[in-house]
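Student: sharing a model that was predicted from the sequence below.
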Amino acid sequence: MLVQSPSRIFKSDLSVWKKENSCILNEMIPDEHSGLRTITEVVFGENETFDFNYQKNSTVLIIVLYGEIAINDFKKPVSAEHIFTLKSEEENILNLRNNRQDEKADILIFELKSIKTDTFFSVEDLKINKRNHLIQISEKVEYPNFIGLYEGRKEDEYALHHKGKSIFGMVINGAFEFQNRLLETRDAIIISEIETLEFEALSENALLLFLEV
C-alpha cells in the first residue's frame, strides 16, 4: 500500500491571473516556512515590461519558457537556452523587458531565501540534451534544483539531498503522476516528510522541475 506524504497542491486552473505593467502574471506563494518565497509567471506582449520587486537576502532564478527578455542594463539578453540568477543582500527591482519585436515571451521567476550572504548575478546555459533524466538547472542556486524532459509512461524518482527538507515540484508542460496525485501543465506541489519521490510521465514531451526547499 502506497502511503502518501503530507502535501499541498497548487492547481493552475484555480489560479488567478492579473494584469500589471501591461503584462499578464500569476503569482504563487508556496509556504512561508520554506526557502521558496514566490513563483511568478509573467507573459509579455510586444515591447512590454515588468518590474519584479524582490526582498533582501534573496536569490532570484529566472527561466525563460519562450521568447527572449532583457534584464535591467545587462548587455546579454536571456532566452530559453539560458538561466538567469541574481543574489542580493538588499531589496531591489529587476526591470524585465520583452526583447523581441512581433513575439511574446513567457518566463518563470523563482524567489528564494538566500542561505549565505553574497551579491552577484550570472547567466548560465541550459541544455536539456538527455531525456528521461533529471539535470541540474543552475550551479549558482544554493538549493538542489533540477529539470527533466520525459517521454510518456517513463518513470523516475527524486531522492532528497538534504534530510528534513520538502520537495517543490512543478509541471511546466504535460502531465505527471506523483504518489497517485495527477499534476498537469503549470500545476505545482510541495511534499514534506519524504525521502524519495517516485513519479511517472503521462504524456509525451512532459517537462517538470524540482526544488528542494
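Tutor: Everything's here; your move. Numbers count the residues shown, from 1 in each chain.

Student: and residue 160, what does it touch?
Tutor: 167, 194-196, 212 (CB atoms under 8 Å, 6 or more residues apart in numbering). C-beta here means a position set from N, CA and C on the backbone, and glycine is covered the same way.

Student: now with 6 Å?
Tutor: Residue 160 makes contacts with residue 195, as judged by CB atoms under 6 Å, 6 or more residues apart in numbering.

Student: would you quantify the distance from it to residue 167?
Tutor: 7 Å (CB to CB, to the nearest Å).

Student: just residue 179 next, same as before
Tutor: In this view, residue 179 and residue 167 are 11 Å apart by CB to CB.

Student: neighbour count: the two, which is higher?
Tutor: residue 167 (23 against 15; other CB atoms under 10 Å).

Student: partner residues bridging the residue lying closest to that one once chain neighbours are set aside?
Tutor: In this structure, residue 167 finds its nearest non-sequential neighbour in residue 191, 4.8 Å apart by CB to CB, 6 or more residues apart in numbering. Counting by DSSP bridges, residue 191 forms beta bridges with residue 7, residue 167.

Student: list the contacts for residue 191?
Tutor: Contacts of residue 191 by CB under 6 Å, 6+ apart are 5, 7, 167.

Student: least confident of those residues?
Tutor: Model confidence across the contacts of residue 191 bottoms out at residue 5, which has 84.

Student: quick one on the thing from earlier: nearest to residue 37 among the contacts of residue 191?
Tutor: Of all the contacts of residue 191, residue 37 sits closest to residue 167, with 16.6 Å by CB to CB.

Student: just give me how far the least confident helix or strand in the chain by mean pLDDT sits from the chain centre.
Tutor: Least confident helix or strand, the chain: strand 18-20 with a mean of 90, by mean pLDDT, DSSP states H and E. Here the centre of strand 18-20 is set off from its chain's centre by 20 Å, with CA atoms, centre = their mean, to the nearest Å.

Student: and the helix or strand following that strand, C-alpha only, in CSV?
Tutor: Downstream of strand 18-20, the first helix or strand assigned by DSSP states H and E is strand 23-28. The C-alpha coordinates for strand 23-28 follow below in CSV (Å, rounded to 0.1, in the frame of the first residue of the first chain):
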residue,chain,number,x,y,z
CYS,A,23,1.8,42.1,-18.7
ILE,A,24,-0.2,39.2,-17.6
LEU,A,25,1.0,37.4,-14.4
ASN,A,26,0.2,34.7,-12.0
GLU,A,27,1.9,34.5,-8.5
MET,A,28,2.1,31.6,-6.2
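
Student: partner strands of strand 23-28, with direction?
Tutor: So strand 23-28, judged by DSSP bridges, has these partners: strand 18-20 (antiparallel), strand 36-44 (antiparallel).

Student: give the buried residues for it.
Tutor: Neighbour-count burial for strand 23-28, counted by 16 or more other CB atoms under 10 Å, picks out 23-26, 28.
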